[in-house]
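Undergrad: this one's structure only:
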């Protein structure tokens with residue numbers, strides 16, 4: 001069962017808004033300037049995956065952008081709906097409104113959760129200027145990623161692989177990168193401009209992966225290329241295409257890597 005809930009936090013008090021489509025002020029900072037933060041969270045068999053990590057990152061955004069809400073209140077709300085959800089994707093968004101903080105919680109049921117990790121294709125998307133981001137936060141300033149996803153779909157791909165003007169590979173439209181060399185797993189360092197994702201931090205914490213830059217000229221030499229995020233965990237990229245090239249990846253160790261990650265998550 002899908003769920004949509006709205007709450008308004010004002011001066012430390014929070015209440016549920018009992019309407020289907022709550023009024024969003026078109027002149028509010030959230031609309032005019034993309035002043036919102038969000039977390040996309042996986043739920044598997046009634047268990048919210050990486051909940052503490054997502055709440056910690058969300059709280060950083062709350063403090064940094066001075067949202068009028070306490071993380072403890074959001075935790076209480078999530079505890080109220082956990083028994084009503086099974087497996088799927090939970091989206092938690094905070095909008096900066098002149099009247100306070102509008103909280104939007106959306107749960108989308110996914111019948112076959114494991115289908116989220118099926119093999120994907122990617123299109124190489126070039127960023128033509130220096131790339132900078134709030135790497136420890138997830139904000140509504142997502143236009144670049146949205147456009148890269150549009151370009152991917154126009155080229156019959158599932159996602160885009162972003163690179164900077166130094167030919168350094170950054171990340172995918174909706175996830176960090178994991179690549180294999182000589183049986184080892186690596187993910188690009190934050191210095192290239194990638195977001196400090198939840199799954200990325202998890203793999204580094206447990207030494208399943210290490211940081212290493214990946215450049216354009218090395219792409220054909222790697223043994224495996226994967227998309228990682230906290231919802232899909234690890235997804236094999238079967239091919240990467242560009243304007244004048246096409247690279248296929250065997251990803252022969254995918255199942256082994258998936259099992260290693262699964263064993264740490266349990």
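TA: Arrived safely. Only a predicted model underlies this, so the values are computations on that prediction, with no experimental measurement involved.

Undergrad: low-confidence regions, the stretch 101-250 of the chain specifically.
TA: The stretch 101-250 of the chain contains residues with pLDDT under 70 at 128-136.

Undergrad: where do the strands sit along it?
TA: Listed in chain order, the strands of the stretch 101-250 of the chain (DSSP state E, counting those that start in this stretch) span 120-126, 159-163, 169-172, 176-181, 184-187, 210-211, 224-229, 233-241, 246-248.

Undergrad: to residue 254, which of those strands lies closest?
TA: Evaluated over the strands of the stretch 101-250 of the chain, closeness to residue 254 peaks at strand 233-241, with 4.7 Å, by Cβ to Cβ. In this view, the C-beta of every residue, glycine as well, is placed from N, C-alpha and C.

Undergrad: so how far is the closest one from its chain's centroid?
TA: Computed by Cα atoms, centre = their mean, to the nearest Å, the separation of strand 233-241 from the middle of its chain amounts to 15 Å.

Undergrad: how big is the angle separating that strand from strand 159-163?
TA: Interaxial angle, strand 233-241 versus strand 159-163 (axes from the mean of the first three to the mean of the last three Cα atoms, to 10 degrees): 80 degrees.

Undergrad: what does strand 233-241 contact?
TA: If you take Cβ atoms under 8 Å, 6 or more residues apart in numbering as the criterion, strand 233-241 is touched by 42, 116-124, 155, 157, 161, 175, 178, 199, 219, 224-228, 246-249, 251, 254, 257-258, 261-262, 265.

Undergrad: kindly recompute the last result at 6 Å.
TA: 117, 119-123, 225-228, 247-249, 251, 254, 258, 261 (Cβ atoms under 6 Å, 6 or more residues apart in numbering).
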